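>>> Just need the structure, nothing else, for what follows:
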Amino acid sequence: MTPPQLKPLIPSQTSILPGGVLWSDHGGNSQDLIVITTSCIITYKISLSRNNMARVRTYAHYKAAHFWFEPVKRCLMIGSYAKFHH
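Numbering: from 1, shown residues only. Have a look, this model is predicted:
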């Protein structure tokens, strides 16, 4: 069963989760900035050599309460209170 459609990001109803600003350094001259909010994950690519920051992707999700990030493998898990009804 597919989940219902997610609503667009509404700044007044979205907040960054505690600890939800993460840096992922994967070598070279670039880093990833990951911002985890209550309604989406936003990833940015930071280029140190070009002094540039660009948004890469935004992943919408249901109302998040917690997250876990493993920096070596760059694995991110989001915990939500949403329930699916069959």
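>>> Relative to S39, how far out is the nearest residue to W68 once chain neighbours are set aside?
Closest residue to W68 apart from its sequence neighbours, by C-beta to C-beta, 6 or more residues apart in numbering: M77 at 4.7 Å. Placement of C-beta: from N, CA and C, glycine included. In this view, M77 and S39 are 16 Å apart by C-beta to C-beta, to the nearest Å.
>>> And the helices in this structure, which stretches?
Read by DSSP state H, the chain holds no helices at all.
>>> just the strands in it please.
Ranges of strands in the chain, per DSSP state E, are 16-25, 30-37, 40-47, 52-60, 64-70, 75-80.
>>> could you dump the ones you listed to a markdown table with mean pLDDT and mean neighbour count?
A markdown table is the format used below for those (pLDDT from 0 to 100; neighbours: other C-beta atoms under 10 Å):
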| stretch | mean pLDDT | mean neighbour count |
| --- | --- | --- |
| strand 16-25 | 89 | 13 |
| strand 30-37 | 90 | 17 |
| strand 40-47 | 91 | 16 |
| strand 52-60 | 89 | 11 |
| strand 64-70 | 88 | 14 |
| strand 75-80 | 86 | 12 |
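>>> Name the residues that touch stretch 20-32?
For stretch 20-32, contacts defined as C-beta atoms under 8 Å, 6 or more residues apart in numbering pick out 33-37, 43-49, 56, 67, 69, 71, 74.
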